[in-house]
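Asker: Below: sequence and its predicted model.
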Amino acid sequence: MGKIVGGIGTSHIPSIGAAMDNGTMVGEYWQRFVNGIQPVRDWMEEVKPDVCLIVYNDHASAFSLESIATFSIGVAPQFNPADEGYGPRQVPVCEGNSELAWHIAESLILDEFDMTIVNEMDVDHGLTVPLSVVYGRPKAWPCQVIPLAVNVVQYPQPTGNRCYNLGKAIRKAVESFPAETKVAIFGTGGLSHQLQGERAGLINVEYDCNWLDLMVNEPEAAKKVSHTEYLRETGSEGIEAIMWLVMRGALDDNVDEVYRFTHAPVSNSHYGLTILENASDRVTEGAMSTEPNV
């Protein structure tokens, strides 16, 4: 049967993809970041998930404000990199797993999550940057990909509680899939950043790190954080962190945080990365050292 082998939380800052694509991720500015993401690449190499289910938000590439779905799942056999105004990223096409995606969609809808089913969609930096973080620049992604898009752009966004419970329903769906399939689930976006207005450039490292502690160790408390608190403490785009709660909900109540790394600033954002495994079902040996927060 299907099995969720771990959860990854990572920011999806577009400048990361641009620097990797253009060969400019060099020098003092990037060195700590380059060193800090290596452990997640080592983890992916050891675990070798068959499928990466990536929870992300679209940035007006596949969707627009003409029709806003709260939760959407891609069921296509392939997903092309989106043109975000400067041409598609020169990264591999994402190969899907339609059988598993349709299985998850059916299970979620029967569990009363009103999913939008997407048969054709391009995927933007919200999904491709996390893949670049964990895999670098391969000729082909070493996993199949299932995109799950969450509306975090247009108010009202889903609550943290709803996202957390969606994660629980995703785990149920994966574990009822008959074929043996290792699934890594990603929560992406954040951490604190604001792109416009009087508070443009806001970064709140202390709040983010405390929130990460809460998300890892007390998810029942983390899921209760209000939209207002996210906006106040982490900026207008910091609310993307609710997508990490989908990932967290798909794991046990008790998890081992195998690794954590944060770095600020990356562009105008606080970058965050965590690797979580179920405490009762470790898939890797030992723990990686956690980088100090900067």
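Answerer: Okay, I see it.
Asker: Show me which strand runs longest in this protein.
Answerer: What stands out as the longest strand in the chain, according to DSSP state E, is strand 255-266.
Asker: And the lowest-mean-pLDDT helix or strand in the chain, what's buried?
Answerer: Of all the helices and strands that make up the chain, the one with the lowest confidence by mean pLDDT, DSSP states H and E is helix 14-22; it has a mean of 93. Neighbour counts over helix 14-22 (16 or more other Cβ atoms under 10 Å) mark 14, 16-20 as buried. Backbone N, C-alpha and C define where each C-beta goes, glycine included.
Asker: likewise stretch 137-146?
Answerer: By neighbour count on 16+ other Cβ under 10 Å, the buried set for stretch 137-146 is 141, 143-146.
Asker: Pull the most distant pair out of the residues you listed.
Answerer: Between all members of those, the longest pairwise span (Cβ to Cβ) is found for Trp141 and Ile146 and amounts to 12.2 Å.
Asker: Which single one of the buried residues of stretch 137-146 is nearest to Phe71?
Answerer: Ile146 (12.9 Å).
Asker: surely the closest one meets Gly74?
Answerer: Yes: here Ile146 lies in contact with Gly74, judged by Cβ atoms under 8 Å, at a distance of 6.5 Å.
Asker: all helices for the stretch 51-200 of the chain, in order.
Answerer: Under the criterion DSSP state H, counting those that start in this stretch, the stretch 51-200 of the chain carries helices at the ranges 98-110, 125-135, 160-175.
Asker: And those: which comes nearest Asn151?
Answerer: The closest of these to Asn151 is helix 160-175. By Cβ to Cβ, the value is 10.9 Å.
Asker: Just give me how far the closest one sits from the chain centre.
Answerer: For helix 160-175, the distance between its averaged C-alpha position and the chain's averaged C-alpha position is 14 Å (Cα atoms, centre = their mean, to the nearest Å).
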